[in-house]
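J.: got a structure for you, letters missing:
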């Protein structure tokens, strides 16, 4: 073989290797974009039970990581305006961290999300007493709410992978009457939306108000606080509270107050308005907004826009209200992934729900569930981008 033939042969061989390599990379990339769901062991709970971690992936490359301990959304990625996927939630680095010190990051909340005054309510003439865990009131299901139990998980494969979680709350668990059978299904949709469907039935009259308590920061990786996020809330009224964050029973128009998000508003613009009593009570925003539109029908609740990343999150729900919370009680003591301390206002929550303290407020929409009825709600967190 002369030198010219040798060079041509080497070039041809190199070209074939390069083409094969490129083809292999393309196939691997295609495999990575295939929708599906993967299961892995997440760790052992103090009682010896094992929790699992499920990773849902859609065709666009978005992922949602969910553990059946507390139904916690551990991580959720979304692309920025340049197509870069980053986690847009606050989360902890291990199962043990969630067990020891989790301020409801990503958790399913029940039986009753938000507060019930003094941990007491009366149903069909019978009084019930609940665990007191927040300023003399009952909050988010009590000492061992749905965020602290192990759910039965069933993966659902398909173009839109889903995880179905089931849990039966026994009669008088945390003081609530009735055996309540609950299913919550997370679906990662192909249009970069995370859909959450809630269902529950009971064998005895009870009260139910389920929600998800994910902390969002659209900067990706919680690089800074959320005061520059721009929020719109589809609500002309909100629910004022007393100093312990229990509703006064009245609905107040948002017009002319720091609670007016009917048009896009920067979160930090009025969050420290010391002249507003409601801002003082909440230490910022920690209130329920009464959504416009018919309760029970799927409607736009809120939109969040983060200018630097270009990320947009639209929240739709069948619920009558949304609790807008701006991480006022975060103080840096909770250390997140990669040793990152979560400081005050490093996230915001949009918890779709019924009104707080409804069992004690006759004028509020009922949260009573009776035998033969089915509690059924849907919430969707839809992600997109826009460039200024």
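T.: Cool, got the structure. All figures in this text were calculated on a predicted structure; none of them were measured in a lab. Numbers count the residues shown, from 1 in each chain.
J.: and the gap between the nearest residue to residue 203 once chain neighbours are set aside and residue 172?
T.: Closest residue to residue 203 apart from its sequence neighbours, by CB to CB, 6 or more residues apart in numbering: residue 179 at 5.0 Å. For the C-beta atoms, the positions are set from N, CA and C on the backbone; glycine is no exception. Residue 179 sits 9 Å away from residue 172, going by CB to CB, to the nearest Å.
J.: Just want to know which of these two has more residues nearby.
T.: Between residue 179 and residue 172, counted using other CB atoms under 10 Å, residue 179 has the larger neighbour count: 16 against 12.
J.: tell me the contacts of the more buried one?
T.: By CB atoms under 8 Å, 6 or more residues apart in numbering, residue 179 lies in contact with 168-171, 202-204.
J.: By neighbours, which of these wins?
T.: residue 202 leads the contacts of residue 179 on contacts (other CB under 10 Å) with 26 neighbours.
J.: The nearest residue in space to that one that is not next to it in sequence sits in which helix or strand?
T.: Spatial nearest neighbour of residue 202, chain neighbours left out: residue 178 (4.1 Å); criterion: CB to CB, 6+ apart. Using DSSP states H and E, residue 178 sits within no helix or strand.
J.: next one: phi and psi at residue 148?
T.: Residue 148 has phi and psi values of phi -120, psi 20 when expressed as degrees, to the nearest 10.
J.: ranges for the helices of the stretch 201-350 of the chain?
T.: 277-282 (DSSP state H, counting those that start in this stretch).
J.: coming back round to it: burial count for the residue nearest to residue 202?
T.: Around residue 178 there are 24 residues (other CB under 10 Å).
J.: looking at it, residue 152 is touching residue 163, isn't it?
T.: No: contact criterion CB atoms under 8 Å: residue 152 and residue 163 do not qualify, at 10.9 Å.
J.: what's the distance between the residue nearest to residue 203 and residue 206?
T.: 9 Å.
J.: and what of residue 73?
T.: Distance from residue 73 to residue 206, by CB to CB: 26 Å.
J.: Mind jotting down where the strands sit in the stretch 201-350 of the chain?
T.: 206-207, 211-212, 230-233, 237-239, 252-253, 265-266, 286-290, 299-306, 311-317, 321-325, 349-353 (DSSP state E, counting those that start in this stretch).
J.: Make CSV from those strands and add mean neighbour count, distance to residue 131 and mean pLDDT to it.
T.: Formatted as CSV, these follow (neighbours: other CB atoms under 10 Å; distance: least, CB to CB, whole Å; pLDDT from 0 to 100):
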stretch, mean neighbour count, distance to residue 131, mean pLDDT
strand 206-207, 24, 14, 98
strand 211-212, 28, 18, 98
strand 230-233, 21, 31, 98
strand 237-239, 23, 23, 98
strand 252-253, 14, 30, 98
strand 265-266, 16, 36, 98
strand 286-290, 23, 20, 98
strand 299-306, 22, 29, 98
strand 311-317, 21, 27, 98
strand 321-325, 25, 20, 98
strand 349-353, 24, 19, 98
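J.: Same list, those strands, but as a markdown table with distance to residue 85 please.
T.: Compiled in a markdown table, those are given as follows (distance: least, CB to CB, whole Å):
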| stretch | distance to residue 85 |
| --- | --- |
| strand 206-207 | 39 |
| strand 211-212 | 21 |
| strand 230-233 | 22 |
| strand 237-239 | 34 |
| strand 252-253 | 40 |
| strand 265-266 | 25 |
| strand 286-290 | 30 |
| strand 299-306 | 15 |
| strand 311-317 | 11 |
| strand 321-325 | 26 |
| strand 349-353 | 21 |
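J.: Show me which of residue 152 and residue 163 is the more surrounded one.
T.: A direct count of neighbours by other CB under 10 Å for residue 152 and residue 163 places residue 163 higher, at 25 against 11.
J.: Go ahead and confirm the more buried one touches residue 66.
T.: Yes: counting by CB under 8 Å, residue 163 touches residue 66, with 5.5 Å between them.
J.: Overlap in contacts, these two.
T.: 54, 56, 186.
J.: shaky segments in this structure?
T.: Where the chain drops to pLDDT under 70, the residues are 1-32.
J.: in stretch 51-69, what counts as buried?
T.: For stretch 51-69, a neighbour-count test (16 or more other CB atoms under 10 Å) marks 51-58, 60-69 as buried.
J.: Quote the end-to-end distance of it.
T.: Distance across stretch 51-69, first residue to last, is 6 Å (CA to CA, to the nearest Å).
J.: What pairs with whichever strand or helix holds residue 39, parallel or antiparallel?
T.: Using DSSP H and E, residue 39 sits in strand 36-44. Strand 36-44 sits in its sheet next to strand 50-57 (antiparallel), going by DSSP bridges.
J.: contacting residues around the residue lying closest to residue 134 once chain neighbours are set aside?
T.: Leaving aside its sequence neighbours, residue 134 sits nearest to residue 115 (CB to CB, 6+ apart; 6.5 Å). Shown in contact with residue 115 (CB under 8 Å, 6+ apart): 134, 137-139, 245-246, 356-357.
J.: could those be laid out in a markdown table, adding secondary structure, distance to residue 367 and neighbour count?
T.: Formatted as a markdown table, those follow (DSSP: H, G, I helix; E, B strand; the rest coil; distance: CB to CB, whole Å; neighbours: other CB atoms under 10 Å):
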| residue | secondary structure | distance to residue 367 | neighbour count |
| --- | --- | --- | --- |
| 134 | strand | 18 | 16 |
| 137 | strand | 16 | 20 |
| 138 | strand | 13 | 26 |
| 139 | strand | 15 | 22 |
| 245 | coil | 17 | 20 |
| 246 | coil | 15 | 23 |
| 356 | coil | 10 | 26 |
| 357 | coil | 10 | 27 |
